[in-house]
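Enquirer: here is the input, now give the coordinates:
(one chain, ligands or ions: 1)
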Amino acid sequence: MTTITILGAGAMGSALATPLRDRGHQVKLWGTWLDDHLLDAVEAGKPHPRTNVLLPAGTQLFRSDELEASLADSDIVILSVASVGVEKVTELAAQRISEIGALVVTSKGFVTDTDGTIRLLPDAITSIFEGLSLAVPAIVAAGGPCKANEVAAARPTATVYGSSDIEAARAAARIIETEDYRVETIADFVGLEIAAPLKNVYAIALGFADGLAETSTQPWHNLRSAFFAQALREMADIATDFGGDAATVYGLAGAGDLEVTGLSGRNKVYGARIGAGESSALALQAMIDAEQTVEGVPASGLAVVLASQRFESPAERLPLLHAIRRVVDGEGDALAELISAALPRALSERLA
Ligand SMILES: NC(=O)c1ccc[n+]([C@@H]2O[C@H](COP(=O)([O-])OP(=O)(O)OC[C@H]3O[C@@H](n4cnc5c(N)ncnc54)[C@H](O)[C@@H]3O)[C@@H](O)[C@H]2O)c1
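Expert: Got it, this is the predicted structure:
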């Protein structure tokens, strides 16, 4: 029997217990110091508060002060904390993860180096092991259209695991995959790691169009689709600049994940509030009050910095990204700027 430790008992961490228990693995779910109320609910026999699904029988729960026990005898570790917690939790578990030699990461986000350079999550995780003089494990990034509540409920899901060590991605897939939770494996972790946090940013614009539809009771589907296509173009542009493959962005990791995030994610809900007329500050506060982390908000700022570090005219090259950032900052006329960023420029202007 394989033993798997999941670090982070939020929505995604707890959801992965479903395929893993389906496969008959021993599953150890470790909650951070922020997860006690979630584990309390689960221990009381209630559905997990984030997914509304009961944890599969036999899942072993560990509190934040039981990290060592949760990692003992583990064959593979899955890191499933929000991007802000990745560095801290990796550091705490680094010794054991290094010995195991493999780490699957569901977290999504960019990380800022001490010199201000924006880095991809696997690169930042690698640096932590190097900084501690520990052997760097094979890092497998999990992406694709993969809502935690549906994974928890064992509804059909196509996910994608990317790693520069494709054998490690395949090995992880072989352990985790079930009939319902199918895994595509790719070597292009760069494209995946660019698309994963950026799709949260672009989902804000998709939500914005939904908010417009809500208040006007009229469809805004044409504009929403223009946002979608422009988002893919911009993500592919950034991914290829990093040496990634545009096909990754146009596949499960980009288009697939953007679609699902734009349908129901927290970033979409935040965008919809703004589209419906709320200020960005009030919309964010409402999300925080509901314990809903809107990862697209910090990611939008980091993505703009990243774009400025890599491109000469970043705002012209990535107009939708920059328009979304201004919406998040509460600057300008949100609707006018988003439209102008996503619609082709007028022919007269282009020919001038
Ligand atoms: N929910 C989904 O459908 C889904 C799907 C794919 C990927 N993901 C990604 O998985 C990661 C976890 O998402 P989630 O949906 O489980 O979120 P969640 O809010 O339900 O849980 C977040 C987890 O991160 C931990 N955490 C939060 N802030 C922390 C901090 N400052 N320090 C240490 N730990 C901290 C929490 O304790 C918890 O374990 C995110 O990066 C998310 O983008 C989520």
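
Enquirer: what's the domain layout of this protein?
Expert: 3-187, 190-351 (automatic domain parsing).

Enquirer: make a markdown table from these and add distance to the ligand to it.
Expert: The way it works is simple: take the backbone N, C-alpha and C, and place the C-beta from them, glycine included. Putting the domains of the chain into a markdown table (distance: least, CB to the nearest ligand atom, whole Å) gives the following:
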| stretch | distance to the ligand |
| --- | --- |
| domain 3-187 | 2 |
| domain 190-351 | 5 |
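
Enquirer: now these in CSV, with mean pLDDT?
Expert: CSV is the format used below for those (pLDDT from 0 to 100):
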stretch, mean pLDDT
domain 3-187, 96
domain 190-351, 95
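
Enquirer: could I get those in a markdown table, plus columns for mean neighbour count?
Expert: Shown next, in a markdown table, are the domains of the chain (neighbours: other CB atoms under 10 Å):
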| stretch | mean neighbour count |
| --- | --- |
| domain 3-187 | 19 |
| domain 190-351 | 20 |
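
Enquirer: dead centre of this structure: give me the residue that sits there.
Expert: Per CA atoms, centre = their mean, the C-alpha nearest to the average position across the chain is that of Lys108, at 3.6 Å.

Enquirer: where do the strands sit along the chain?
Expert: Remark: strands assigned in the chain by DSSP state E are 3-7, 26-30, 60-62, 76-79, 102-105, 110-112, 118-120, 138-143, 157-162, 181-186.

Enquirer: between strand 157-162 and the top helix by length along the chain, find me the angle.
Expert: The longest helix of the chain (DSSP state H) is helix 189-216. Orientation check (axes from the mean of the first three to the mean of the last three CA atoms, to 10 degrees): helix 189-216 against strand 157-162 gives 140 degrees.

Enquirer: strand 181-186 and helix 189-216, what's the angle between them?
Expert: Angle of helix 189-216 versus strand 181-186, following the same axes, to 10 degrees, is 130 degrees.

Enquirer: relative to strand 138-143, how tilted is helix 189-216?
Expert: Using the same axes, to 10 degrees: helix 189-216 against strand 138-143 is 20 degrees.

Enquirer: my guess is Asp73 meets Ile4, correct?
Expert: No - Asp73 is not in contact with Ile4 according to CB atoms under 8 Å; the separation is 10.5 Å.

Enquirer: that older thread, return the backbone torsion pair for the residue nearest to the centre of the chain.
Expert: Note on Lys108: backbone dihedrals following degrees, to the nearest 10 are phi -130, psi 130.

Enquirer: check contacts around the nearest residue to Gln26 once chain neighbours are set aside.
Expert: Residue nearest to Gln26 in three dimensions, not counting chain neighbours: Thr3, with 4.3 Å by CB to CB, 6 or more residues apart in numbering. Each residue near Thr3 by CB atoms under 8 Å, 6 or more residues apart in numbering is listed here: His25, Gln26, Lys28, Asp73, Ser74, Asp75.

Enquirer: can you tell me how far the second one is from Pro19?
Expert: In other words, Gln26. Note on Gln26: its distance to Pro19, by CB to CB, to the nearest Å, is 14 Å.

Enquirer: with the fourth one instead?
Expert: From Asp73 across to Pro19, the span is 20 Å (CB to CB).

Enquirer: show the contacting residues for the residue nearest to Val304 when sequence neighbours are not counted.
Expert: Among residues not flanking Val304 along the chain, Arg325 sits closest, at 4.9 Å (CB to CB, 6+ apart). By CB under 8 Å, 6+ apart, the contact list for Arg325 reads Ser300, Gly301, Ala303, Val304.
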